[in-house]
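Sequence and predicted structure below; questions after.
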Amino acid sequence: MRNTGTEYASGEATPVVLPEMAQLLPPLTGEQLSALEADLLANGCYSPVIVNEDMVVIDGHHRYELCEKHGIPYKMAVFSFTDMLEAKQWALDTQKGRRNLDKWELGKIALKLRKDVEARARENMSLGGQAYRPSEADEEGLTTLSNLSSVNTRKELADAVGIGEVTMGKVMQIDEHAPAAVKEALDSGELSINQGYNITRQVAELPEGEREEAAAQAVELVKAKKELQALDAEAERRGKIAGLFCKAFERAVLLTPSEENVRLWVEGTRMRTDEIEDSVKEARELSGVFAAIADILERMLPVEAGGAE
């Protein structure tokens, strides 16, 4: 990839939008799209739309569409790529830093690169006098995640999006074999890749007509367990906070802040001047903390009948 240094204004050339590029990454959420639109309307399009030498949009599809929608001028910077695979990988690398993509989303993006990866492998191997064949791990199904062959599509895809090879293998098996309920739960973030893969393997032995219902039940079971774990975690969090306050008050009420007691504390711990100064600051801060607690507790007291007019 290289920047050719060539730029066009929006009126000088017409960019081409290919579905395979526009749909490579997940679409922006409604909130993200609204924020981008507001920024473009307020500040104009200060980042150029990236196109290749055939004027195909590589990066900046949303900016391009919004600029066209509102008649906002924009620039197009021409980059040179070896092939569309390099262009897609560059677009992905550029966007990964801006988006919070999870491993399932990255895996699905990798699957969109599969034809390009295999096409490049065929070309490279034909130049070397060899015939291309997909790896056994790609062909043999759910039981061959550990098998590799001379051309490992799974590894190429994993490297392209920055996830582990085994994780990529699980994504591929889910894509090929998982019931719809599993894929939907993964898309919504209700399942992890491991959970989706395990359910897929579990239902694979069932008659085809029973797999979807069994998968849906398994998904609901995982969701129920997750909800119970969340409730347990919340109960534990509340318990820790309550315990912390109890301990703080139990220890605080033991203190009698007389001059003699404070002097004994200072002398007994051999406080230096700087340590005394730090303790003064901390004591002032603690007094503010307890005053804030007192204010909150007072607001929690029931209002006395007839107190308000």
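Looks like it came in fine.

drop to CA atoms for contacts and neighbour counts, all remaining ones
OK.

So for stretch 70-78, what gets flagged as buried?
Buried positions in stretch 70-78, judged by neighbour count with 16 or more other Cα atoms under 10 Å: 74-78.

Actually, stretch 217-228.
218-219, 222.

Now render the residues you listed as JSON lines, adding distance to residue 179 and secondary structure.
Formatted as JSON lines, those follow (distance: Cα to Cα, whole Å; DSSP: H, G, I helix; E, B strand; the rest coil):
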{"residue": "218", "distance to residue 179": "11", "secondary structure": "helix"}
{"residue": "219", "distance to residue 179": "11", "secondary structure": "helix"}
{"residue": "222", "distance to residue 179": "15", "secondary structure": "helix"}
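
if we take those residues, which one ends up nearest to residue 60?
Distance to residue 60, by Cα to Cα, is smallest for residue 219 among the buried residues of stretch 217-228, at 36.5 Å.

any idea how far the nearest residue to that closest one once chain neighbours are set aside lies from residue 36?
Excluding the flanking residues, the one nearest residue 219 by Cα to Cα, 6 or more residues apart in numbering is residue 182, at 6.8 Å. Using Cα to Cα, to the nearest Å, we find residue 182 at a distance of 32 Å from residue 36.

ok so, going back, for the buried residues of stretch 70-78, could you give me CSV that also reports pLDDT?
Compiled in CSV, those are given as follows (pLDDT from 0 to 100):
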residue, pLDDT
74, 97
75, 97
76, 97
77, 97
78, 97
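
Of residue 182 and residue 36, which one has the most company?
residue 182 (26 against 17; other Cα atoms under 10 Å).

where does this structure have low pLDDT?
127-151, 305-309 (pLDDT under 70).

all strands of the stretch 1-150 of the chain, in order?
Taking DSSP state E, counting those that start in this stretch, the strands of the stretch 1-150 of the chain run over residues 2-9, 49-51, 57-59, 75-80.

I'd like those as TSV, with distance to residue 172 appended.
Output for the strands of the stretch 1-150 of the chain, formatted as TSV (distance: least, Cα to Cα, whole Å):
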stretch	distance to residue 172
strand 2-9	32
strand 49-51	30
strand 57-59	25
strand 75-80	31
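
between those, which one is nearest to residue 66?
Nearest to residue 66 among those is strand 49-51 (11.6 Å), distances taken as Cα to Cα.

Now do the helices in the stretch 1-150 of the chain.
Ranges of helices in the stretch 1-150 of the chain, per DSSP state H, counting those that start in this stretch, are 19-22, 30-43, 61-70, 84-96, 103-112, 114-127, 136-139.
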